[in-house]
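Student: Everything below, folded, please.
(2 chains)
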Amino acid sequence: MSNLTVNAVKEEVRAWLQENWDAGLSLVEWRNKLADSGWGVPDWPGQWYGRDLPVAMLPEIEEEFAEVNAVGVARSGIRMLAAATILEHGNDLHKKEFLRRILTGEDTWCQLFSEPGSGSDLAGATTRADFDGENWIVNGQKLWTTSAHHADYGLLLARTDWDVPKHQGLTYFILDMTQPGVDVHQVKQMNGHASFNQVFITDATVAPQYRVDEEGAGWRVAMTTLAHERRNADGMNRLNRDSGLPGAIYEEERKEVATVMEPYKWYPQRAGRVDLVMQRAKQTGRIENASVRQEIAKLLIMSKSAEWTARRARAAQELGMPQGPEGSLGKLAASNVAKQASGVHTLISGADALLTGSDGAMDGLIAEVLVSVPAVSIAGGTDEIQRNIIAERVLGMEKEPRFDSGPFKDVPRNVV
Amino acid sequence: MNFEFSEEQNLLREQASGFLKDHCSTKVVRKILDGDESYDQELWTKVVEMGWTATVIPEEYDGLGMSYLELCVIAEELGRSLAPLPFSSSVYLATEALLVAGSKEQKEEWLPKLASGSIIGCLAAGEGKGQVTPKSLTTSADASSLSGSKLPVADGDIADFAVVFAACDSGDGASTYLVDLNQSSVSRQKLDTIDPSRSHAKIDFAGASAELLGKEGEGWALLNNIYDRAAVLFAWEQVGGAETALEMAKDYAMGRFAFGRPIATYQAIKHKLANMYVKNTLAKSNCYYGAWALSTNAPELPIAAATARVGAIQAYYFASKENIQTHGGMGFTWEFDCQFPYRRSKLLSINIGSEPVWQEKLIKAIETGRAA
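Tutor: Residues are numbered from 1 along each chain as shown, chains lettered A, B, ... in the order given. Model (predicted):
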C-alpha cells in the first residue's frame, strides 16, 4: 500500500463525506448511504457494500470520519460476527437479506453455540435439527447467549447427523429468534448480574434456504465465527467509544452501543481493577504495611508483564508475523492478574471488602471484584483449554487419547 | 519501544547460540561442577576472542561500542547454555561500575583490559549474614587502605580486581573502591555454594591499597545503579536458563512412557509445561522493557529493572523445579542435568538481591512518582 494510494483514498473519502455527511439524518438513513457508497465497510467486497480496500486502510478512513464526527455503520455486538460468517460462507440470498440491515443496525444477532451439556467441548452440541421434508425442525437448549433477549436472528450450530463423528454431524443455520418455540431466559450469575441467556428451542423452524454452507459443514463455519470473535475482541473498545456529541443521530448511536454494552458493565471488575490498587492502598494507609507492599509489587509486575506481552504480540502482527498463541497466553495472564488483584484488594480493604452496596469499599465496587473474578478463567475458553492449546500447538505435545471419535450417537455425554 | 531485536541482533544471537552449542554443552558445565576448576578457561578464552567482553565498552577504550541490546542477546544465550564463566561479574558488574562511575584515568586503565579479557573483575558488596545495608557494612577504608571481609563474592577467587563497597561516615553511608586482588594484603578462600558451576570466594582485606571509585559517600547510590543495570542483564540470562529448563522437560516428557503412553499426553504434564511457557514468556516481555530502559538510559530504569528481575526470578525457579518434577526420580540424581538450571536459578535469585528486596524497590520507585 503506497502512500500515494493512501492519500488518494483519504482524499476520496474526505470529498464524499463533505458531500454526504449530514447529522440531521436518522441513523438508519445515514447508514443506508454508507452501505450504498461502500464507505461504511471499505474492506468488504465491492459487490457487498464495500470497496475491496485492504484492512490496513481502515484506520486512515476512520480518521477522516472522526475529523467530521461522522457516525459509522453498526459494528458492535455479535452482528459483525454474523456479517463475517455470512460473507465467507453465506450465499447471495443471505448476503442480500441480512448484510444491509446488519450495517444499519436494524437487526441484532446472537450466537447459539454453547449448550448446558457442552461448554469447552463445543462440538459435542446436542441441539438437533431434523428435516421434515419442508423445513428444519430445531429442538434443544443453548446457553451463555449474550443479547439473545433482544436479538432478531441467531447463528445456530445444530446436529443434523448422529451417525458420523461429532465434528462432521453439525450444520450451521440462521434462526429467526422472534418465532414461537424460541424462549429466552436470563441467567443470573453469582455476582448478581444477568449478562447471558439460556435459550430453549422447541420445534422452531428454519427454512432450507437459511442453512449456511453444506449440511455437515457447521463446525468449519463456526470456526470462522469464533476466529472473528477472537480477532475483534481488541477492536471493540475503539469502535464503541462515545462521541459525546449532542444531536439526534449521536443519541441514537449512543443508545445502540449502550444496549450492546450493557451485559459487559461488570467486566472491569471481573478483570480485577488493578488500576485502583495503588490509589486504594494510599487512601487506606495500607501502603505502609510491608507485606501489603510486597503483594502490590507482585501484582503490578504480573500486570505489567501481561501488558507488555500483549504489546509484543501486536507489534509482531504488525510486522506480518503469523498469529501465535497470544490469545491463550493473554487469557491465562489475565486470569492470573484478576485473581491476584482480588487478593490484593482484600488485603487492602480488610473487612470493608465484604460489604456490598453503599456500605462497602468504593460503594461495593471492591466486593463486586471479589465475586466477579472467577469468571475470567472460564469465559471464552477455560484456563485448562488454553493450557492444552499451548501444550499442543506451541510445545508440540501430543493430544490425550480421546473417546469421542466414533459415531456421535455412541459417545457418552451429559443428560440435560 | 521495540519488542523484537533487529536483524543484526538476531544474527548475533544465531552466532552466539551456535557457538555455545558447540563449545558449552552440559558436559562443560558438569566438568566445572565436578572438578576443582573455578570456570572453564578454554571457553572463556574463546568468548573473549568473540569480543563479548568488549560489547558495550566504548571504542575509545578498545571496546566494540555496541548497545546494551546486543549485550542482552549475549546474556540470554549465555544463560541458555548455563555457561560456567565469570562473564556476569566481569561484564555486568565490574565493567558497569567503571562505565558509570570511573574517572577518565580509571577507565583508561581498566576498560581496555576488561575488553580484551586480560583481566577479570568482580563486585564485592555483601559480608555474609543478611541483606547488606550501609549500616551493616563493616568493611572500612582509611585514605587509600581498605580492611574487612567480603563474602560471598562471585568469581572472587579468580578475579584480578574487585569493586568493593565500604562504610563511610558521610553521604549515603558507603563509598566504592577499586582494589587490586593480586596484592599481599588480600587473601582469598574459595567457598562451597549450591551452584559449584559458578565459583564464589571470601576475600579478606588487611589494609589493602585501594582507589576511590566515584565520590566518597555516594557508594550506596552507585551500588543501586549498578544493580539496576545488572538486573536487566541477569534477567535475560535467567530467561534463557528458564527456556532451557522447559526444553529439557519437553524433550523428556515426549520420550518417556508411563501406563502405555508418552507422559506428554497427560494433561497434568501438559499443563505444567504450559505454565512454564506462560511464565517464561511473560518474564521475557519484562526483559524487553528492561532492555529498552537500559539501552536508552530511561528514567524508568529502576522500575523496569525491578519488573524484569522479579519476573525472571519467578520464571526460572518455577521452570527449573518443574523440570525436575517432570523427570521424576531421575531428575533428582547427580547423573541427570536437571540440577544445573535449578542450581543456577537459585543462585541468580539471590545474588544481587532477592524478590522482596526488588519488590520493595519497585513500590518505592512508583511512590516517588516515576509512573510504571
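Student: Residue A:261 is in contact with residue A:195, isn't it?
Tutor: No - using CB atoms under 8 Å, residue A:261 is not in contact with residue A:195; the gap is 10.6 Å. (Glycine included, C-beta is placed from N, CA and C.)
Student: which neighbours do those two share?
Tutor: Common neighbours of residue A:261 and residue A:195, using CB atoms under 8 Å, 6 or more residues apart in numbering or on different chains, do not exist here.
Student: More neighbours: these two, which one.
Tutor: Between residue A:261 and residue A:195, counting by other CB atoms under 10 Å in any protein chain shown, residue A:195 is the more crowded of the two (20 against 16).
Student: Got the confidence number for the more buried one?
Tutor: The confidence metric pLDDT takes the value 92 at residue A:195.
Student: Likewise for residue A:264?
Tutor: 89.
Student: and it, what does it touch?
Tutor: residue A:195.
Student: mind checking the backbone torsions on residue B:177?
Tutor: phi -130, psi 150 (degrees, to the nearest 10).
Student: now it, nearest residue through space, not along the chain?
Tutor: Residue nearest to residue B:177 in three dimensions, not counting chain neighbours: residue B:210, with 3.9 Å by CB to CB, 6 or more residues apart in numbering or on different chains.
Student: SS state for that neighbour?
Tutor: strand (DSSP: H, G, I helix; E, B strand; the rest coil).
Student: Tell me how many other residues crowd it.
Tutor: 26.
Student: neighbours of residue B:42, just the number please.
Tutor: Residue B:42: 11 surrounding residues under other CB under 10 Å.
Student: which residues touch it?
Tutor: Applying CB under 8 Å, 6+ apart to residue B:42 gives the contacts residue B:23.
Student: Report the secondary structure state of it.
Tutor: Going by three-state DSSP: residue B:42 is helix.
Student: name the element the residue lying closest to residue A:120 once chain neighbours are set aside belongs to?
Tutor: Using CB to CB, 6+ apart and skipping the chain neighbours, the partner closest in space to residue A:120 is residue A:385 (5.1 Å). Using DSSP states H and E, residue A:385 falls within helix A:383-389.
Student: mind listing what's buried in the helix or strand containing residue A:302?
Tutor: Using DSSP H and E, residue A:302 sits within helix A:290-318. Neighbour counts using 16 or more other CB atoms under 10 Å in any protein chain shown place A:292-310, A:312-313, A:316 of helix A:290-318 among the buried residues.
Student: How far does that helix sit from its chain's centre?
Tutor: Chain-centre distance of helix A:290-318: 24 Å, with CA atoms, centre = their mean, to the nearest Å.
Student: How many residues are close by the closest residue to residue B:130 other than its chain neighbours?
Tutor: Nearest residue to residue B:130, sequence neighbours excluded (CB to CB, 6+ apart): residue B:136, at 6.9 Å. Applying other CB under 10 Å, we find 13 other residues in the vicinity of residue B:136.
Student: Tell me how far residue B:136 lies from residue B:129.
Tutor: 8 Å (CB to CB, to the nearest Å).
Student: Sketch out the helices for chain B, chain order is fine.
Tutor: Here chain B has its helices, by DSSP state H, at B:7-23, B:26-34, B:41-49, B:68-81, B:87, B:96-101, B:104-116, B:219-255, B:267-296, B:301-327, B:339-350, B:355-367.
Student: hmm, the last one touching chain A?
Tutor: Just to be clear, that refers to helix B:355-367. Yes - interface with chain A: helix B:355-367 contributes B:356, B:358-360, B:362-363, B:366-367 (CB under 8 Å from any CB of the partner chain).
Student: want to try TSV for these, with distance to residue A:13, pLDDT and neighbour count as columns?
Tutor: Formatted as TSV, the residues of helix B:355-367 next to chain A follow (distance: CB to CB, whole Å; pLDDT from 0 to 100; neighbours: other CB atoms under 10 Å in any protein chain shown):
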residue	distance to residue A:13	pLDDT	neighbour count
B:356	56	96	16
B:358	51	97	25
B:359	51	98	22
B:360	54	97	16
B:362	47	96	27
B:363	49	96	22
B:366	44	92	18
B:367	48	89	13
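Student: Tell me where the model's unsure across chain B.
Tutor: B:1, B:370-372 (pLDDT under 70).
Student: Next to chain B, which bits of the stretch 201-350 of chain A? Give me the list.
Tutor: Counting by CB under 8 Å from any CB, the stretch 201-350 of chain A sits next to chain B at A:278, A:287, A:290, A:293-294, A:296-298, A:300-302, A:304-306, A:308-309, A:311-312, A:315-316, A:319, A:329, A:332-333.
Student: Kindly state the beta-bridge partners for residue B:127.
Tutor: residue B:151 (DSSP bridges).
Student: I'd like the distance between it and residue A:299.
Tutor: 33 Å.
Student: I'd like to check which residues are in contact with the closest residue to residue B:113 other than its chain neighbours.
Tutor: Excluding the flanking residues, the one nearest residue B:113 by CB to CB, 6+ apart is residue B:119, at 4.4 Å. Counting by CB under 8 Å, 6+ apart, residue B:119 touches B:110, B:113, B:160-161.
Student: mind putting those in JSON lines, distance to residue B:169 included?
Tutor: JSON lines is the format used below for the contacts of residue B:119 (distance: CB to CB, whole Å):
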{"residue": "B:110", "distance to residue B:169": "27"}
{"residue": "B:113", "distance to residue B:169": "33"}
{"residue": "B:160", "distance to residue B:169": "30"}
{"residue": "B:161", "distance to residue B:169": "25"}
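Student: thought the residue nearest to residue B:130 was touching residue B:128?
Tutor: No - Residue B:136 is beyond contact range of residue B:128, at 10.0 Å (criterion: CB under 8 Å).
Student: Get me the contact residues on the stretch 151-300 of chain B for chain A.
Tutor: Contact residues, the stretch 151-300 of chain B versus chain A (CB under 8 Å from any CB): B:246, B:250, B:253-254, B:261-262, B:264-267, B:269-271, B:273-275, B:277-278, B:281-283, B:285-286, B:288-289.
Student: Could you tell me which of those residues count as buried?
Tutor: B:246, B:250, B:253-254, B:264-266, B:269-271, B:273-275, B:277-278, B:281-283, B:285-286, B:288-289.
Student: worst-scoring helix or strand of chain A, pLDDT-wise?
Tutor: helix A:236-239 (a mean of 46; mean pLDDT, DSSP states H and E).
Student: Give the rounded mean pLDDT of the following helix or strand past that helix.
Tutor: Per DSSP H and E, the first helix or strand lying C-terminal to helix A:236-239 is helix A:248-261. Average pLDDT, helix A:248-261: 90.
Student: Could you list the buried residues of the next helix or strand after helix A:248-261?
Tutor: Next helix or strand after helix A:248-261 toward the C-terminus (DSSP H and E): helix A:267-270. Neighbour counts over helix A:267-270 (16+ other CB under 10 Å) mark A:268-270 as buried.
Student: No further queries at this time; thank you.
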